[in-house]
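# Structure, please.
(one chain, ligands or ions: 1)
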Amino acid sequence: MTKYKRILLKLSGESLMGSQKYGIDETRLNEYAEQISEITKMGVQTGIVIGGGNIFRGLSGSAKGFDRVKGDQMGMLATVINSLALSSALKGVGVKARVFTSIKMEPVGEYYTKEKAIESLEKGEVTIIAGGTGNPYFTTDTASALRAVETEAEIMCKGTRVDGVYSADPEKDANATRFEKISFDEVYAKNLQVMDLTATALCRENNLPVLVFNMDKKGNLKKVISGEPIGTIVYK
Ligand code: UDP
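Numbering: from 1, shown residues only. From the prediction side, this is the model:
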């Protein structure tokens with residue numbers, strides 16, 4: 001039995017770097033594909049949004065003199081590169097995956113609509129939605145919140161490099177403790193860095209819980225789907 005029937009998995013671009021300083025680490029990519037394969041075998045309908053920070057970030061681009069809108073468009077294209085890489089790794093482990101893009105760029109990916117994405121989820125295909133929201137000044141956390149709400153996912157699973165949401169930065173403060181559950185209001189009140197405010201507001205307003213967990217530990221995604229108490233659930 002699985003705890004969820006339909007999820008939206010957010011993967012950060014940075015975690016795709018693995019031990020590298022830039023780009024895509026093949027080992028990490030394949031580990032992710034294996035973990036996703038495990039949950040598709042459990043029958044979970046899986047939508048995925050991936051970041052692009054391992055390749056390009058609009059904000060750092062504008063610091064180097066790029067026009068912000070152009071920089072953000074470059075960032076969105078970076079998410080498409082990551083999405084294609086993941087879809088190809090999934091194919092390599094025998095999992096059907098389909099790439100949708102928020103910006104028209106057929107035949108790289110199909111132009112996203114809610115209906116087509118849900119159809120793909122219902123067929124059991126891993127549904128990767130690339131290109132962020134399609135708009136500058138947003139993040140892929142916001143894109144994944146948006147796509148989770150649109151595709152009627154029960155939860156947004158935010159795969160990170162840390163075990164969940166902590167009272168302080170666990171790398172700097174030895175007394176930092178992990179929350180098992182925390183409300184969006186507490187996240188605001190305590191100024192905890194879970195997601196940007198736009199993404200947080202979208203989840204809160206639409207009553208979409210967010211589960212923050214460590215995706216870099218093999219088997220963790222399966223644990224999440226099985227309802228094992230790992231990570232932190234942020235709820236309304
Ligand atoms: N981006 C954007 N609109 C979106 C999503 C992303 O303009 O809807 C751009 C933005 O420049 C961002 C980059 O794409 O810096 C990469 O996304 P993000 O930083 O969210 O990736 P992550 O941190 O998850 O790797």
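# And residue 91, how far from the ligand?
23 Å (C-beta to the nearest ligand atom, to the nearest Å). Every C-beta, even on glycine, is put in place using the N, C-alpha and C of the backbone.
# Can you list the residue ranges for strands in the protein?
Assigned by DSSP state E, the chain shows strands spanning 6-11, 45-50, 97-101, 110-111, 126-130, 155-160, 181-183, 210-214, 232-235.
# neighbouring strands for the last one, and are they parallel or not?
Going back to what we said before, that points to strand 232-235. Here strand 232-235 is paired, per DSSP bridges, with strand 181-183 (parallel), strand 210-214 (antiparallel).
# do the same with the third one
Using DSSP bridges, the strands paired with strand 97-101 in its sheet are strand 110-111 (parallel), strand 126-130 (parallel).
# for this protein, what spans make up the helices?
Per DSSP state H, the chain carries helices over the ranges 26-41, 58-63, 68-92, 114-122, 140-150, 184-189, 197-205, 220-226.
# Can I get the ones you listed in CSV including mean neighbour count?
Output for those, formatted as CSV (neighbours: other C-beta atoms under 10 Å):
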stretch, mean neighbour count
helix 26-41, 18
helix 58-63, 16
helix 68-92, 20
helix 114-122, 16
helix 140-150, 26
helix 184-189, 15
helix 197-205, 18
helix 220-226, 20
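# In terms of mean pLDDT, which of those ranks lowest?
Mean pLDDT values for the helices of the chain show the minimum at helix 58-63, a mean of 83.
# Against which helices or strands is that helix packed?
helix 68-92 (3 or more C-beta pairs under 8 Å, 6 or more residues apart in numbering; DSSP states H and E).
# Would you mind naming what in this structure lies close to the ligand?
Counting by C-beta under 6 Å from any ligand atom, the residues of the chain close to the ligand are 12-14, 51-53, 57-59, 71-72, 75-76, 78-79, 132-133, 135-136, 138-141, 143.
# Repeat the analysis, applying 8 Å as the threshold.
Residues of the chain that fall close to the ligand, judged by C-beta under 8 Å from any ligand atom: 10-15, 50-54, 56-61, 71-76, 78-79, 102, 131-143.
# Mind pulling up the pLDDT for residue 97?
Residue 97 is assigned a predicted lDDT (pLDDT) of 98.
# same question, residue 1
Confidence at residue 1, expressed as pLDDT, is 81.
# List the contacts of it.
In this structure, residue 1 makes contact with residue 226, judged by C-beta atoms under 8 Å, 6 or more residues apart in numbering.
# what pairs with the closest residue to residue 153 other than its chain neighbours across the strands?
Leaving aside its chain neighbours, residue 153 sits nearest to residue 8 (4.1 Å; criterion: C-beta to C-beta, 6 or more residues apart in numbering). Using DSSP bridges, the bridge partners assigned to residue 8 are residue 47, residue 156.
# do the same with residue 232
With DSSP bridges as the rule, residue 232 is bridged to residue 212.
# Output the residue of the chain whose distance to the ligand is smallest.
At 1.9 Å from the ligand, residue 51 is the closest residue in the chain, using C-beta to the nearest ligand atom.
# number of nearby residues for the closest residue to that residue other than its chain neighbours?
Nearest in space to residue 51, with sequence neighbours left out and distances taken as C-beta to C-beta, 6+ apart, is residue 13 at 3.6 Å. Neighbours of residue 13 under the rule other C-beta atoms under 10 Å: 22.
# Many thanks, we can stop here.
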